[in-house]
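Chemist: Kindly generate the corresponding structure for this input.
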Amino acid sequence: MDENSLLEYWYILYSRKWIIIVVTLSATISAWVISGCLPAVYEAKAVFFVPEDPDSTTFFSSPEGSMIRAPLVPIAKEDPHGAYIGILKSKSIAELVQKKFPHKEIKDLMRKDLAFTLSNEYFLEVYARDRKPEMAAGIANAYVENFNRLISEYSLVSQNQIQTVMEAEMRENQEKLSETMNVLNALQVQHKTINMDEESKQLIALKTTFSSQLDMLKIENKEIRKSILMTEKELKKEYDLFMYSGVAITSPFLEKLKDRLVSIETDMAGLKVEFKEEHPNFLILKKSYDEVKGNIRKEIEKILQSEIQAPGTFYEDLRRQLVNLYVDKERVRASTRATKRVLKDIEERIIELPKVKRQIDTLLSESESYKQLIASLKVNLEETKAQSRRNLQVAVLVDEATPPTKPAFPIKWLNASIACVGGIVVGIMYCFFMDYIAGTRENRILRMLRAIEASER
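Modeler: Numbering: from 1, shown residues only. Okay, here's the model as predicted:
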């Protein structure tokens, strides 16, 4: 077959123009009628974005700038939005929306009735379709709402776990603090101290005082011995027959009185360390001390009277003076022994103080650490509780979906236009096909006759 020219193609179409017109009108009218018969579907659109900076408002921790208001802008990248679109397409969010709109099936929400896109301005767009415009708008807005709710619940799970752990940690640290404070109180009661530094100063001052007192007692003891020797010499002069060096100024009762005097002196010295001399216990011991001292004097006088018969007045004065000197000697001896005991106790206490101080300082440091940790946990726990009650805003709604006034499908003029174009194309192709059939008709007849003749032979 020879190749046709453009004019011949035009002639072919012109000669069969009614075919093209009929096909085009039929397609257009059919599309218009069918579009009118189909139920209208409305499409609503909601626009939102996820801020680049997260909603990190705090109520208790990090007070510097935590409540500062900052502008919210979308993330200017495509990659992070892939995860957000994936959440919008998930079955979890479809189930949440389906609970609010039970007439929609989950498969429809996940396939044909919803669409999600990312605009050039990095806004997330939710398209919802339904036969009722109010439903379409409600579904679009529900997707934004449940998207925010779902993201918030994801973080709430970890928040609740953190809260549980912090509550357990707080209880554990409070128990440890209570145990440490009990040990500290027991140690302070055992060693009868609260302020170690102040007690150390007092002990050093007491040691100096008692050391001075001990030195004074030693000096007084020497003076009393000298006085006793001088008095003995005078007694020898007054009474040559009396051998004073052979007299024993002692007895079992006197020894008991001496021990009692030493014990009272020790108790009185101990009370001087802890209390003042005006304390009732000290006054009772002082009274007992005077009574024992008087008993010692009487006992020594009794012993001397049993051994010696004084011939004259001067001798009797010397004898009484000697008795008083012996009493003072026993007093000084008892005071010396008591002072030495108290000094020994003070020195042992001074030696013991650094060790006790280290133990108390360690316990105080541990208790302070527990208090600081508990205070920090308390603040963080209150922050966690406040964050759990707060409605976390992940999605910022830009355009709320409103009920559309015009259906998105079917669009009659668009369907008719497409059908019209399609009818023209089909009509043209049909005209060319009919021309091809007509042009090849003679050849087909000729080949048929030849085939008949060949079969007759």
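Chemist: ok, which stretches of the protein are helices?
Modeler: Ranges of helices in the chain, per DSSP state H, are 6-15, 17-37, 79-88, 91-100, 106-110, 133-191, 196-238, 252-274, 280-307, 313-389, 412-439, 441-456.
Chemist: Quick one: mean pLDDT over the longest one.
Modeler: Throughout helix 313-389, pLDDT has a mean value of 79.
Chemist: The most centrally placed residue in the chain: what's it in contact with?
Modeler: The residue lying closest to the centre of the chain (C-alpha atoms, centre = their mean) is residue 377, at 3.2 Å. Residues near residue 377 by C-beta atoms under 8 Å, 6 or more residues apart in numbering: 166, 169-170, 173. C-beta coordinates here come from the backbone N, C-alpha and C atoms, glycine included.
Chemist: Distance to residue 189 and neighbour count for the residues you listed - can I get that in TSV?
Modeler: Shown next, in TSV, are these (distance: C-beta to C-beta, whole Å; neighbours: other C-beta atoms under 10 Å):
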residue	distance to residue 189	neighbour count
166	34	19
169	30	15
170	28	17
173	24	18
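Chemist: Quick check: the farthest pair among those residues?
Modeler: 166 and 173 (10.3 Å; C-beta to C-beta).
Chemist: Check residue 135 and give its pLDDT.
Modeler: 93.
Chemist: Against residue 8, how distant is it?
Modeler: Distance, residue 135 to residue 8, using C-beta to C-beta, to the nearest Å: 58 Å.
Chemist: that older thread, what would the contacts of residue 377 look like in JSON lines with distance to residue 351?
Modeler: Converted to JSON lines, the contacts of residue 377 look like this (distance: C-beta to C-beta, whole Å):
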{"residue": "166", "distance to residue 351": "45"}
{"residue": "169", "distance to residue 351": "41"}
{"residue": "170", "distance to residue 351": "41"}
{"residue": "173", "distance to residue 351": "35"}
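Chemist: How about the residue nearest to the centre of the chain: what's its closest non-neighbour residue?
Modeler: Closest residue to residue 377 apart from its sequence neighbours, by C-beta to C-beta, 6 or more residues apart in numbering: residue 170 at 4.7 Å.
Chemist: Check the spacing between that neighbour and residue 155 real quick.
Modeler: Taking C-beta to C-beta, one finds residue 170 at 22 Å from residue 155.
Chemist: try residue 18
Modeler: Counting by C-beta to C-beta, the gap from residue 18 to residue 155 is 70 Å.
Chemist: more neighbours, those two?
Modeler: Ranked by neighbour count (other C-beta atoms under 10 Å), residue 18 and residue 155 place residue 155 first, with 14 against 9.
Chemist: That one contacts residue 392, correct?
Modeler: Yes: if you go by C-beta atoms under 8 Å, residue 155 and residue 392 touch, sitting 6.5 Å apart.
Chemist: Report the beta-bridge partners for the residue nearest to residue 112 when sequence neighbours are not counted.
Modeler: Distances taken as C-beta to C-beta, 6+ apart place residue 129 nearest to residue 112, at 7.7 Å, with adjacent residues excluded. Beta-bridge partners recorded for residue 129 (DSSP bridges): residue 43.
Chemist: Now for the closest residue to residue 405 other than its chain neighbours, how many residues are close by?
Modeler: The shortest distance from residue 405 to any non-neighbouring residue, by C-beta to C-beta, 6+ apart, is to residue 133 (7.3 Å). The local packing of residue 133 (other C-beta under 10 Å) involves 21 other residues.
Chemist: same check, this time on the one 3 residues further on
Modeler: Residue 136: 26 surrounding residues under other C-beta under 10 Å.
Chemist: thinking again about what came up before, let me see the contact set for the residue nearest to residue 405.
Modeler: 42, 44, 403-405.
Chemist: got JSON lines for those, with pLDDT too?
Modeler: Shown next, in JSON lines, are the contacts of residue 133 (pLDDT from 0 to 100):
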{"residue": "42", "pLDDT": "91"}
{"residue": "44", "pLDDT": "94"}
{"residue": "403", "pLDDT": "92"}
{"residue": "404", "pLDDT": "91"}
{"residue": "405", "pLDDT": "87"}
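Chemist: Throw the residues you listed into CSV and include distance to residue 384, thanks.
Modeler: CSV is the format used below for these (distance: C-beta to C-beta, whole Å):
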residue, distance to residue 384
42, 44
44, 38
403, 41
404, 43
405, 47
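Chemist: Of the residues you listed, which pair is most distant in space?
Modeler: 44 and 405 (10.8 Å).
Chemist: Who has more neighbours out of those two?
Modeler: In this view residue 44 and residue 405 are compared by other C-beta under 10 Å, and residue 44 has more residues nearby, 24 against 7.
Chemist: residues in contact with that one?
Modeler: 127-128, 130, 133, 136-137, 139-140, 401-404.
Chemist: Then residue 212?
Modeler: Contacts of residue 212 (C-beta under 8 Å, 6+ apart): none.
Chemist: for residue 98, same thing?
Modeler: Here residue 98 is in contact with 104-106, 109 (criterion: C-beta under 8 Å, 6+ apart).
Chemist: and which of the contacts of residue 377 is nearest to residue 416?
Modeler: Distances from residue 416 to those, taken by C-beta to C-beta, are shortest for residue 166, at 67.5 Å.
Chemist: The closest one contacts residue 383, correct?
Modeler: No: Residue 166 lies out of contact with residue 383 (C-beta under 8 Å); the separation is 9.7 Å.
Chemist: By mean pLDDT, which helix or strand of the protein comes out lowest?
Modeler: In the chain, the helix or strand scored least confidently by mean pLDDT, DSSP states H and E is helix 252-274, which has a mean of 67.
Chemist: since we're on residue 332, how many residues are nearby?
Modeler: 20.
Chemist: if I look at it, how far off is residue 343?
Modeler: On the measure of C-beta to C-beta, residue 332 and residue 343 end up 16 Å apart.
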